[in-house]
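Quick one: sequence plus predicted model below, questions after.
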Amino acid sequence: MQKHATLSFSLLLTLGATTVAQTSFDHDRFLTPGLAPPGILTEAFPGVPVVAIPMAAMGLLPNDEIDALSYGDDQDIGALHTIVFSPDLMTMGMPGTGVAFEFAIDTAPGGPPSASGDIFVQDPTAAAGNLLAPPGQGYAAGTGTGDENNASWPSPCVAGGCIDLDAFDYGDPMLATGVYFSLRPGSPTLGFIGAGPGAILYSDLMGGVPIVATLAGAGPATAANLGIPNLNLDALNCLGSTGPIGAGGGVIAPGIVGPSIAGLAPPPSTHLLQYSVSFTGAIDGDVLVRVGAGVFAPHTPAPVLGLAPNENLNALEVLRPGCPPAAATVFSYNGIGINLDTMVTSTVVIGGAWTATLIPQAVRAGGPWVILMRANNAGLVLDAGLAFFGVPAGFSELLVGGGFIANFFPAPHLGGGIPASFSAAVPPACALVGMPWFAQSLVFGDLPLGAGLLDPWFSSAAGGVVGTF
């Protein structure tokens, strides 16, 4: 057992941390103090969510409450897109919608019916308005549905209902170099910086006091400039520059926001920006855009999303918008054929799941395996044990090259030719479409011949191109 533990730790140091699709979110922790920790959370799947971005990194105070967030990388809002959202605790939804079902029944047995805390996707048919987000677009690092039960932390539900999902984003917080957000009324930082709850704030995550974001060529992103004076900006989706404030971080890009998948004609927006407000009663379920100095227009009215008048959209994101259809490809290869452990994989489709299956040699004992995914392939005959641990283990061929994409650490395989599989969610990002990828496993488990330390050998490999189907 000590041998395995040492190897696992060595691999973590040598190859880097696990990378899977992420979901960033913040729950209304003041509804049930102590249940939701402060900061931006992410699901370290498998495992309970953790605080990925602490309040201190954003320059916030302990009693601040994040009310909306975006990493400023929502570039797809300039094209046709599907809206993803979460409602508040009192939202019932229009009849026949996913929100109405979750409010009355809920797909998670044993918990109180509630649509708050759930993630919903605009129904592509526009017949029901919305559906509960399917696997790949919900919780559990994207592998589960949008039901709050899949938040797996404990569930953000108590006897009287489920905690509001105040904000979420499909972006990976570990890669963030800045974040756009708003704060709930009464948050002490608002008074400290002289901003209101309708302003879009920006932090470069360096611990300094946040600033009011800038609308490129149009002044600060204050509530008055957004056309929502004295209102609370409750949900946000935008494209803007990130990085240090002094180097230009915090500027929201100009441009026309495209139509939603319902086919509505887009209003003449001024910036790549969508937002929603709360506490008004009349437009709380609408997705808005800025159309001029101090003026907004509805981009997607609440009924198009399956929400009734006076209901509230509480968090906002977009999903796979504007991606031109592209077939995903996959192929297997084995260099000069000396790698005796076999790995085969599925295609990589954005918003879906990628699965790799290892078939270890029949004479190999059980042990760990590590999947290396890279942007390039390579061919180099080497001794894997000697290269990684300084102990000869026999020759195998490295078939992936440079261009790091991810390292994955599945559960150990059983050896003896018994297949072992691993799946990871693929982010629903159009920027990935057409990207080449190559994957190969480093396989451990003692072999009957040779003196290697757990006999690490490389497997056969797979490669392909990312697609939309």
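Sure, I can see it.

contacts, neighbours, all on C-alpha from now
Noted.

And Val363, how far from Asp341?
Separation of Val363 from Asp341 (C-alpha to C-alpha, to the nearest Å) stands at 10 Å.

more neighbours, these two?
Asp341 (22 against 14; other C-alpha atoms under 10 Å).

Could you pull up the residues touching the more buried one?
Leu358, Ile359, Pro360, Gln361, Val443, Trp457, Phe458, Ser459, Ser460 (C-alpha atoms under 8 Å, 6 or more residues apart in numbering).

Tell me, what's the model's pLDDT at the fifth one?
Read it as Val443. pLDDT for Val443: 94.

Would you mind measuring from it to Thr355?
17 Å.

So these two - more neighbours on which side?
The neighbour count for Val443 versus Thr355, taken as other C-alpha under 10 Å, is higher for Val443 (28 against 15).

Kindly tell me how buried the spatially closest residue to that one that is not a sequence neighbour is, as a neighbour count.
Distance criterion C-alpha to C-alpha, 6 or more residues apart in numbering; nearest residue to Val443, sequence neighbours excluded, is Trp369 at 4.5 Å. Each residue near Trp369 was counted by other C-alpha under 10 Å, and the total is 26.

same check, this time on Ala315
Neighbour tally, Ala315, other C-alpha under 10 Å: 30.

a strand runs through it, doesn't it?
Yes - assigned with DSSP: H, G, I helix; E, B strand; the rest coil, Ala315 falls within a strand.

Go ahead and confirm it touches Ser70.
No - counting by C-alpha atoms under 8 Å, Ala315 sits too far from Ser70 to count as a contact (10.3 Å).

which residues do these two both contact?
Phe168, Leu236.

quick one: average pLDDT of the host helix or strand of Ala378?
Following DSSP states H and E, one finds Ala378 within strand 377-383. Averaged over strand 377-383, pLDDT sits at 69.

next one: stretch 39-46
69.

for stretch 90-104, same thing?
For stretch 90-104, the per-residue pLDDT averages 88.

Export only the CA atoms of that stretch, formatted as CSV.
Extracted in CSV, the C-alpha atoms of stretch 90-104 (Å, rounded to 0.1, in the frame of the first residue of the first chain):
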residue,chain,number,x,y,z
MET,A,90,-40.9,31.9,-5.2
THR,A,91,-40.8,31.3,-9.0
MET,A,92,-43.4,28.7,-10.1
GLY,A,93,-43.0,28.7,-13.9
MET,A,94,-45.6,28.6,-16.6
PRO,A,95,-47.6,25.3,-16.9
GLY,A,96,-45.8,22.5,-18.7
THR,A,97,-42.3,23.9,-18.2
GLY,A,98,-39.4,22.3,-16.4
VAL,A,99,-39.6,25.1,-13.8
ALA,A,100,-43.3,24.3,-13.0
PHE,A,101,-42.5,20.6,-12.6
GLU,A,102,-39.6,21.2,-10.3
PHE,A,103,-41.6,23.7,-8.2
ALA,A,104,-44.5,21.2,-7.7
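
Name the residues of it that come out as buried.
Thr91, Met92, Gly93, Met94, Thr97, Gly98, Val99, Ala100, Phe101, Glu102, Phe103 (16 or more other C-alpha atoms under 10 Å).

Next up, the contacts around the fourth one.
Taking C-alpha under 8 Å, 6+ apart, we find Met94 in contact with Ala100, Pro303, Gly306, Leu307, Ala308.

Out of the residues you listed, list just those in helices.
Counting by DSSP state H, the part of the contacts of Met94 found in helices is Ala100.

Next, format the contacts of Met94 as JSON lines and append distance to Gly208.
Output for the contacts of Met94, formatted as JSON lines (distance: C-alpha to C-alpha, whole Å):
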{"residue": "Ala100", "distance to Gly208": "42"}
{"residue": "Pro303", "distance to Gly208": "40"}
{"residue": "Gly306", "distance to Gly208": "40"}
{"residue": "Leu307", "distance to Gly208": "38"}
{"residue": "Ala308", "distance to Gly208": "40"}
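
Select only the buried ones of the contacts of Met94 in PyMOL?
A single PyMOL command selects the buried members of those (16+ other C-alpha under 10 Å):
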select buried, resi 100+303+306+307+308
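
Glu102 is in what secondary structure piece?
With DSSP H and E as the criterion, Glu102 is inside helix 98-104.

Check which element follows the helix or strand of the chain with the lowest mean pLDDT along the chain.
Using mean pLDDT, DSSP states H and E, the weakest-scoring helix or strand in the chain turns out to be helix 2-15, at a mean of 25. Sequence order places strand 24-27 as the next helix or strand after helix 2-15, per DSSP H and E.

Could you spell out the sheet neighbours of that next one, each with its direction?
Paired strands of strand 24-27, with direction, are strand 40-43 (antiparallel), strand 165-169 (antiparallel) (DSSP bridges).

Do I have it right that Glu102 meets Ala115?
Yes - between Glu102 and Ala115 there is a contact at 4.9 Å, judged by C-alpha under 8 Å.

which stretches of the stretch 201-350 of the chain form helices?
223-226 (DSSP state H, counting those that start in this stretch).

Could I get the full set of strands for the stretch 301-450 of the chain?
Under the criterion DSSP state E, counting those that start in this stretch, strands of the stretch 301-450 of the chain are mapped to 313-319, 329-333, 342-345, 353-359, 365-367, 369-374, 377-383, 395-400, 404-408, 413-415, 420-425, 436-443.

immediately after the last one, which helix or strand?
The reference is to strand 436-443. strand 457-465.

Let me see the domain layout of the chain.
Domain assignment for the chain, taken from automatic domain parsing, gives 24-319, 325-465.

any idea which of those domains is most buried?
Among these, ranked by average contacts under mean count of other C-alpha atoms under 10 Å, first place goes to domain 24-319 (a mean of 21).

from the middle of its chain, how far away would it be?
Averaging C-alpha positions (C-alpha atoms, centre = their mean, to the nearest Å) puts domain 24-319 13 Å from its chain's average.
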